[in-house]
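[1] This is a predicted model, with the sequence first.
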Protein chains: 2
Amino acid sequence: MQIGKIARATGTKVNTVRYYEEIGLLKPAPRSQSGRRIYADADVERLAFIRRARGLGFSVSEVRSLLEVSDAPNRDCADAATLARNHLRRVEEQIEQLQAMRQELIGLARACDGGTATDCGIIGGLARKSA
Amino acid sequence: MQIGKIARATGTKVNTVRYYEEIGLLKPAPRSQSGRRIYADADVERLAFIRRARGLGFSVSEVRSLLEVSDAPNRDCADAATLARNHLRRVEEQIEQLQAMRQELIGLARACDGGTATDCGIIGGLARKSA
DNA sequence: TATACAATCTCCAGTTACTGGAGGATCAAG
DNA sequence: CTTGATCCTCCAGTAACTGGAGATTGTATA
């Protein structure tokens, strides 16, 4: 299949597929006579793997590592497990941060009665020293 | 005061202070004879305002708008309120997304018994079609 | 006074992970 | 034979900084 199809099949933009090839997540696809990239079913799975990992928030470099493990079936998956655990921790930290932001934002919004900027709780809250 | 001091006072990097000036969040600071930037107390407050807003996740362009409201005391603060509400919604969406990721990651990690890649639940989970 | 060291200055390049577009070739259908 | 959809390569832009090179300037100490 050509690039458009593999892109559609995985919910990826065509440009992004080419980008993944460029940075080495996908091996350079063989080309047709006229130079178009040709993909096989296995490539769909690889790309889907990448997309799922990215969707879970793994960085491209982490995806690279996960692919390495995946490509070496006999390899101990400890690296993958470590990656996943660390990533989980990062995600949980982000959640906490965002929840703190949320609380502050709710507080700010509540303090706004819709007057002028001078007595606006949002502006005031951002300006106050004890934020 | 010079740039190092205002940076320290607000927990900002020196380079970042200069960057904020460059993109117009801070007005160009007056200079000493030798060309060093000189700041006043009001600048500390402005920079602190910026940092707090950024810390709450507002984009630079949103901060710009918030500063505009803040700079025009007679202005209706409705714009600020709208910004804050929209941002709050975005934050909540992000939290939900991250919580979904978290659940999936927990599921993945649980599926890993530490064998080889072939039977690793992490790799397998990322590879499976029904992810 | 000499000198060392900290702080500042102005560029400029790099980061992350794509995204979009220009300009041009190729392909299938009518 | 022309149209419209795909494809190609190359390149610039995004967000918000961050870090570094190379050159001054300011200050403290020997």
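    Received it, and whenever you're ready, just let me know what you need.
[2] packing partners for the helix ranked longest in chain A?
    Under DSSP state H, the helix in chain A containing the largest number of residues is helix A:78-110. On a contact count with 3 or more CB pairs under 8 Å, 6 or more residues apart in numbering or on different chains; DSSP states H and E, helix A:78-110 meets helix A:60-71, helix A:121-127, helix B:78-110, helix B:121-127. C-beta: built from backbone N, CA, C; applies to glycine.
[3] out of those, nearest to DNA strand C?
    helix A:60-71 (3.5 Å; CB to the nearest atom of the strand).
[4] wait, what's in contact with residue A:49?
    A:66-67, A:70, B:126-127 (CB atoms under 8 Å, 6 or more residues apart in numbering or on different chains).
[5] got any ranges where chain A has weak pLDDT?
    A:114, A:117, A:129-131 (pLDDT under 70).
[6] Recalculate using a threshold of 90.
    Chain A contains residues with pLDDT under 90 at A:70-82, A:107-131.
[7] quick one: contacts for residue A:32?
    Counting by CB under 8 Å, 6+ apart, residue A:32 has contacts A:2, A:38.
[8] quick one, phi psi at it?
    phi -80, psi 180 (degrees, to the nearest 10).
[9] Mind telling me what element the residue in chain A that DNA strand D sits nearest to is part of?
    Proximity of chain A to DNA strand D (CB to the nearest atom of the strand) peaks at residue A:4, 2.3 Å away. According to DSSP states H and E, residue A:4 maps onto helix A:3-10.
[10] tell me what that helix is packed against?
    Using 3+ CB pairs under 8 Å, 6+ apart, helix A:3-10 sits against helix A:14-22, helix A:41-55.
[11] Counting neighbours, which bits of it end up buried?
    A:3, A:6-7, A:9-10 (16 or more other CB atoms under 10 Å in any protein chain shown).
[12] Pipe the contacts of residue A:49 into CSV and attach neighbour count per row.
    Compiled in CSV, the contacts of residue A:49 are given as follows (neighbours: other CB atoms under 10 Å in any protein chain shown):
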residue, neighbour count
A:66, 26
A:67, 19
A:70, 23
B:126, 27
B:127, 17
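[13] I'd like to know how many residues surround residue A:21.
    Neighbour count of residue A:21, defined by other CB atoms under 10 Å in any protein chain shown: 15.
[14] Does it touch residue A:31 like I think?
    No. With contact defined as CB atoms under 8 Å, residue A:21 does not reach residue A:31; the gap is 11.4 Å.
[15] and for the two, which residues touch both?
    Joint contacts of residue A:21 and residue A:31 (CB under 8 Å, 6+ apart) are residue A:37.
[16] Could you give the number of residues near residue A:128?
    So residue A:128, with other CB under 10 Å, has 13 neighbours.
[17] Equivalent analysis for residue A:15, please.
    Quick note: residue A:15 (other CB under 10 Å) scores 10 neighbours.
[18] Look up how far residue A:21 lies from it.
    Using CB to CB, to the nearest Å, we find residue A:15 at a distance of 11 Å from residue A:21.
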